[in-house]
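Chemist: model this:
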Amino acid sequence: MHKDTQRPAAKRLAALYRGPFEAAEPPMIAERPPPEALPAADFLVPDRLEEVLIRFGERYAVFEPRGVASQWSKWYFLALLVPELLARALLWRSLPVALDRLHLLLASDGRVERLCFQRGGAGLHTEDESLTLNLLDDNLAPLIEALAGFSGASPRVFWSNAGNVFEQCLGQLAHHPDALPGMTDDLQHFLTQRRLADGRRNPLYRPVRYQKQSDGSTRRVRRLCCIRYLVPELGYCGNCPLKEPNKLPNEMKHKAHGAQEPEHMGICEDSEHRATK
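Modeler: Numbers count the residues shown, from 1 in each chain. This next block holds a predicted model:
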């Protein structure tokens, strides 16, 4: 009988899905992924990616590839970044995030429900930018290139989605029951750097801004629109930089269409409410 040596690591990580992360689905950590799990590297193959995105797009009345791919990417970034950032901030571990070491578990509608890591990751002695560079180069960059190639959307849209989830997760970590002062300082600092350590442009640089409002509150605004409005029944999100929420035409505000969107998770976006920071 095969003994699952990764079960303790999976339990420790799953135990962190509390507080602001209780609505998210913990990943699997298993040396042998279940048969229904799909190798993440397969999604770099155009035909495989197209098959899943078309299935995901069936939830909408009109298939608009740019808007559909953007929404699908948010599910993926949530499934990837929530466990990685929880592990790094609270367990001092970095998960094996390279696409060739990951498997995806999809819901029946094609959205990414959770990931399967083959290992529980390596322990950290200090937060190192090289870990985030590995995340960018071995996971985000190749998948974003594939999504942009299929959909015709700019890669910047998908980097903005990833940065938005990254920043929002760090903000939510401050409200985690196990939060410690300063535990995300290095990760927050990474988002403020225009250039990476090797001189390249940081694609996750300042993905959101916080704008003071006339009533004294602070509104969280994305630097770049996620183009979800291209899907007619979705419209603009509450963090959209194109227009103020109270100026959006009624027909473009979040229409109920029966399908769960990543914004409903409370981690991906702030939806219609204003943040205070």
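Chemist: use CA for all of it now, contacts and neighbours both
Modeler: OK.
Chemist: now the element after the longest helix along the chain, going C-ward?
Modeler: Across the chain, the longest stretch assigned as helix under DSSP state H is helix 65-86. Beyond helix 65-86 on the C-terminal side, the first helix or strand identified by DSSP states H and E is strand 93-94.
Chemist: quick check, distance from the helix or strand just after that following strand to the centre of its chain.
Modeler: Sequence order places strand 102-106 as the next helix or strand after strand 93-94, per DSSP H and E. Averaging C-alpha positions (C-alpha atoms, centre = their mean, to the nearest Å) puts strand 102-106 14 Å from its chain's average.
Chemist: so what does strand 102-106 touch, helix or strand wise?
Modeler: strand 38-39, strand 112-117 (3 or more C-alpha pairs under 8 Å, 6 or more residues apart in numbering; DSSP states H and E).
Chemist: hang on, the earlier thing: got the angle for the longest helix of the chain vs strand 112-117?
Modeler: Computed by axes from the mean of the first three to the mean of the last three C-alpha atoms, to 10 degrees, the angle separating helix 65-86 from strand 112-117 equals 40 degrees.
Chemist: give me the residue at the spatial middle of this structure.
Modeler: residue 77 (2.4 Å; C-alpha atoms, centre = their mean).
Chemist: show me the contacts for that one.
Modeler: Residues in contact with residue 77 (C-alpha atoms under 8 Å, 6 or more residues apart in numbering) are 161-162, 165.
Chemist: reformat the residues you listed as a markdown table; add pLDDT, secondary structure and distance to residue 235.
Modeler: What follows is the contacts of residue 77, written out as a markdown table (pLDDT from 0 to 100; DSSP: H, G, I helix; E, B strand; the rest coil; distance: C-alpha to C-alpha, whole Å):
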| residue | pLDDT | secondary structure | distance to residue 235 |
| --- | --- | --- | --- |
| 161 | 97 | helix | 16 |
| 162 | 98 | helix | 20 |
| 165 | 97 | helix | 19 |
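Chemist: out of the residues you listed, which is nearest to residue 83?
Modeler: Closest approach to residue 83 among those (C-alpha to C-alpha): residue 165, at 11.9 Å.
Chemist: mind checking how far residue 69 is from residue 25?
Modeler: To residue 25, residue 69 is 21 Å away according to C-alpha to C-alpha, to the nearest Å.
Chemist: cool, and residue 152?
Modeler: Using C-alpha to C-alpha, residue 152 is found at 30 Å from residue 25.
Chemist: please apply the same query to residue 173.
Modeler: Distance check for residue 173 against residue 25: by C-alpha to C-alpha, it reads 16 Å.
Chemist: the two - which one has more neighbours?
Modeler: residue 173 (23 against 16; other C-alpha atoms under 10 Å).
Chemist: in the stretch 51-200 of the chain, which segments are predicted with low confidence?
Modeler: 124-127 (pLDDT under 70).
Chemist: so what's residue 49 up against?
Modeler: 42-43, 146-147, 150.
Chemist: surely it is in a strand?
Modeler: No - Residue 49 is assigned helix when assessed by DSSP: H, G, I helix; E, B strand; the rest coil, not a strand.
Chemist: look up how far residue 37 lies from it.
Modeler: According to C-alpha to C-alpha, residue 49 and residue 37 sit 15 Å apart.
Chemist: same question for residue 160.
Modeler: Going from residue 160 to residue 37 by C-alpha to C-alpha gives 27 Å.
Chemist: who has more neighbours out of the two?
Modeler: residue 160 (23 against 16).
Chemist: can I assume that one is in contact with residue 224?
Modeler: Yes - counting by C-alpha atoms under 8 Å, residue 160 does reach residue 224; the two are 6.3 Å apart.
Chemist: can you list residues touching both of the two?
Modeler: Shared contacts of residue 160 and residue 224, defined by C-alpha under 8 Å, 6+ apart, are found at residue 207.
Chemist: could I get the full set of strands for this protein?
Modeler: Using DSSP state E, the strands found in the chain span residues 28-29, 38-39, 93-94, 102-106, 112-117, 122-123, 208-212, 218-222.
Chemist: so the last one versus strand 208-212, what angle?
Modeler: Read that as strand 218-222. Strand 218-222 and strand 208-212 are oriented at 150 degrees to each other (the same axes, to 10 degrees).
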